[in-house]
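# Build me a structure from this.
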Amino acid sequence: MSQETYASVWDAIEDTPAEAENMKLRAKLMMALEQHMLSSGWTQAEAARRLGVTQPRISDLKRGKIDLFALDGLVTMAVAAGLTVEMTVTEAA
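Numbers count the residues shown, from 1 in each chain. Got it, this is the predicted structure:
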């Protein structure tokens with residue numbers, strides 16, 4: 001049996017490099033949002049109000065339900081939270 005190595009778990013479980021990259025970006029945004037909510041001391045209800053979403057949506061974010069979130073929605077939530085989103089594009093290794 002051969003063992004393959006991957007740069008990230010997303011590279012191992014996604015079908016294409018593009019899908020893996022999209023998941024990496026979504027995961028980073030979700031973690032940043034959760035950390036911001038935690039450090040701000042927001043309840044889920046307050047986070048929902050501030051981010052313009054429903055409380056169940058915040059619950060999904062906190063539970064890590066990444067498949068329920070698209071990049072554009074996460075960027076919108078991050079900006080509403082007062083965060084700045086920057087992107088770096090480099091050549092693939």
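
# which residues sit against stretch 82-91?
Identification of contacts with stretch 82-91 by Cβ atoms under 8 Å, 6 or more residues apart in numbering yields Leu29, Ala32, Leu33, His36, Val75, Ala78, Val79. No exception for glycine: its C-beta is placed from N, CA and C like everyone else's.

# let's go with 10 Å and repeat that
25, 28-29, 32-33, 35-36, 40, 50, 71, 74-79 (Cβ atoms under 10 Å, 6 or more residues apart in numbering).

# ok, now stretch 34-43?
The contact list for stretch 34-43 (Cβ under 10 Å, 6+ apart) reads 44, 46-51, 55, 58, 61-64, 77-78, 81-83.

# residues of it that come out buried?
Using 16 or more other Cβ atoms under 10 Å as the test for burial, stretch 34-43 gives Glu34, His36, Met37, Trp42.

# Next up, identify which helix or strand the first one is on.
If I follow you right, that is Glu34. helix 17-40 (DSSP states H and E).

# same question for that helix, mean pLDDT?
Mean per-residue pLDDT for helix 17-40: 94.
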